[in-house]
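> Dropping the sequence and predicted coords here.
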Amino acid sequence: MKLLTNIGALAGVDRSGIKLRRGDEMAEFPLLRDAWLLVDGERIAAFGEMAELSGREFGAVETVDMQGGWVFPSFCDSHTHIVYAGNRAGEFIDKINGLSYEEIAARGGGILNSADLLHRTSEDELFRQAMERVGEMIAKGTGAVEIKSGYGLTVEDELKMLRVIRRIAQSVPAVVRSTFLGAHAVGRAYVGRQSEYVDLVCNEMIPEVGCEKLADYIDVFCDKGFFTPAETARMLEEAAKWGMKPKIHANELDVSGGVQVGVAHGAVSVDHLERTTEVEIEVLKNSSTIPTVLPGASFFLGMPYGNAKGMIAAGLPVALASDYNPGSSPSGDMRFVASLGCIRMKLLPEQALNAATINGAAAMEVAGDAGSIAVGKLANFFVTAPLPSLAFLLYAYTTPLITQVWLRGMRQ
Ligand code: NIG
Ligand code: FE
């Protein structure tokens, strides 16, 4: 057992077993000042205030003095595309020169560029590149991550990506969830034959993925220029037969109908939501689907920011995720994502932190293990230098404040 003492503040503590925070609750991110934390193996065994520590007996413990550092639950990044080959820095220049994301995609670039490169990259090399990104995310405080396929776009290459995700899950101490996103774009060989590509997803990809149990979820890019709500519904129904629940891309490029089709199929989350109206908010209010907003994509592509504040005012449990991918968000820094939540979406630091921890955990159904400092959960947390306030973590958004990362009770 390990006893961490002299913690300046233990942040995001929970004693009542909450699974997420919604609406007004999102303004609460409880702090326990001058605290201790007991870790037993890979889990949190107890915590409390230093003033009440004397006289308590825990048996054989190794004591670690945190010297006033603050402890936060690890970030839970519920939407990423970190298995990809190379990068798309060339398109970065195209965007600087004035092309939009949609124009690049329409010229056959974008996702299809990544698919071409992935096709030529071996599974081992893909794993190596993706592991570098996971390592970077862990160092930046992430302890649970969802990873999507979607740069394969053929049966073989989608399976290759999902095997890489499985190998990552077996190799890192972070919690990993996997999502099949065969309908990220129409594969090159099917351009102009979208309905045949949807047939391929339904008749070949989904059964193979399901049979090999390679994915927890199904995702579809339900948006203008990509897949329609009717096509999305068909693919979600097929995936449901294999126990894959939806987590879908919706309303990034247009008010796409994606929220409605996701909610109708019991989606765990609907993600992006840059173009979301009162109608979608009403639909979400009558559901258990978690709206997930990705401010890193808005920042990188210069798109509008999702109306997270309006969703919280409507009582919804908003999650924030990085969308780490080569085309629209080449960063997995969840602290920066939470800062963007504050700076550009006017969330309070407490709301942004709940969105990036417990609600992110709920958006990938791992809130029993991650997302808060709670007895019985995995000891997944990061430590910062002593902070003058909770807000400082997201205000001083480039200061390297994170000093330690612990996953499954082990300092990384
Ligand atoms: O979430 N919107 C769709 N998919 C990604 C971008 C993928 C890419 O451009 O490579 C996203 O933004
Ligand atoms: Fe995405």
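Arrived safely, thanks for sending. Ligands and ions are numbered 1, 2, ... in the order given.
> Quick check: the residue of this structure nearest ligand 1.
Relative to ligand 1, the nearest point of the chain is residue 327 (2.2 Å; CB to the nearest ligand atom). For every residue, glycine as well, the C-beta is placed using N, CA and C.
> tell me which element that residue is part of?
Using DSSP states H and E, residue 327 sits in no helix or strand.
> Over to residue 133?
Using DSSP H and E, residue 133 falls within helix 123-139.
> Give me the packing partners of that helix, helices and strands only.
The contact analysis (3 or more CB pairs under 8 Å, 6 or more residues apart in numbering; DSSP states H and E) places helix 123-139 against strand 142-148, helix 155-171, strand 402-407.
> nearest to residue 24, of the ones you listed?
In terms of CB to CB, the element of the helices and strands packed on helix 123-139 nearest to residue 24 is strand 142-148, at 25.1 Å.
> what about stretch 357-373, average pLDDT?
For stretch 357-373, mean pLDDT rounds to 98.
> okay, how far is it across it, tip to tip?
10 Å (CA to CA, to the nearest Å).
> Mind listing what's buried along it?
357-367, 369-373 (16 or more other CB atoms under 10 Å).
> In helices only, show me the residues you listed.
Among the buried residues of stretch 357-373, the ones falling in helices (DSSP state H) are 358-362.
> Tabulate those in CSV, adding columns for distance to residue 245.
What follows is these, written out as CSV (distance: CB to CB, whole Å):
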residue, distance to residue 245
358, 19
359, 17
360, 16
361, 16
362, 13
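> So which of those is the closest to residue 138?
The closest of these, once distances to residue 138 are taken by CB to CB, is residue 360, at 15.0 Å.
> what's residue 207 in contact with, if anything?
residue 242 (CB atoms under 8 Å, 6 or more residues apart in numbering).
> Does it belong to a helix, a strand or coil?
For residue 207, the secondary structure call by DSSP: H, G, I helix; E, B strand; the rest coil comes out as helix.
> Helix or strand with the lowest mean pLDDT in the protein?
helix 101-106 (a mean of 83; mean pLDDT, DSSP states H and E).
> And that one, what does it pack against?
Against helix 101-106 (3+ CB pairs under 8 Å, 6+ apart) you get helix 89-96.
> which residues touch the helix it packs on?
Here helix 89-96 makes contact (CB under 8 Å, 6+ apart) with 99, 101, 104, 109-110, 113, 301, 327.
> For the residues you listed, work out which two are farthest apart.
113 and 301 (15.9 Å).
> Pick out whichever of these two has more residues nearby.
residue 113 (21 against 18; other CB atoms under 10 Å).
> Let me see the contact set for the more buried one.
The contact partners of residue 113, by CB under 8 Å, 6+ apart, come to 88, 91.
> Take the ones in helices among the buried residues of stretch 357-373 and write them to a markdown table, including distance to ligand 1.
Formatted as a markdown table, these follow (distance: CB to the nearest ligand atom, whole Å):
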| residue | distance to ligand 1 |
| --- | --- |
| 358 | 22 |
| 359 | 18 |
| 360 | 15 |
| 361 | 20 |
| 362 | 20 |
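> At the contact with ligand 1, which residues of the stretch 251-400 of the chain appear?
Residues of the stretch 251-400 of the chain found near ligand 1, taking CB under 6 Å from any ligand atom as the criterion, are 252, 297, 323, 325-328.
> can you rerun that using 5 Å?
297, 323, 325, 327-328 (CB under 5 Å from any ligand atom).
> any idea which of these is closest to residue 405?
Nearest to residue 405 among those, with distances taken as CB to CB, is residue 323, at 21.6 Å.
> what about that closest one, how many residues close to it?
For residue 323, using other CB under 10 Å, the count is 29.
> picking that back up, so can I have JSON lines of the helices and strands packed on helix 123-139 showing mean pLDDT, mean neighbour count and distance to ligand 1?
Formatted as JSON lines, the helices and strands packed on helix 123-139 follow (pLDDT from 0 to 100; neighbours: other CB atoms under 10 Å; distance: least, CB to the nearest ligand atom, whole Å):
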{"stretch": "strand 142-148", "mean pLDDT": "98", "mean neighbour count": "30", "distance to ligand 1": "8"}
{"stretch": "helix 155-171", "mean pLDDT": "98", "mean neighbour count": "20", "distance to ligand 1": "13"}
{"stretch": "strand 402-407", "mean pLDDT": "98", "mean neighbour count": "19", "distance to ligand 1": "25"}
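> Dump these to JSON lines, plus distance to residue 311.
Shown next, in JSON lines, are the helices and strands packed on helix 123-139 (distance: least, CB to CB, whole Å):
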{"stretch": "strand 142-148", "distance to residue 311": "20"}
{"stretch": "helix 155-171", "distance to residue 311": "29"}
{"stretch": "strand 402-407", "distance to residue 311": "28"}
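> Out of these, which is closest to residue 39?
That would be strand 402-407 among these, by CB to CB, at 7.7 Å.
> From the contact counts, what lies against that closest one?
Secondary-structure packing of strand 402-407 (3+ CB pairs under 8 Å, 6+ apart): helix 123-139, strand 381-384.
> in the first one, what counts as buried?
For helix 123-139, burial by neighbour count (16+ other CB under 10 Å) applies to 126-127, 129-131, 133-134, 137-138.
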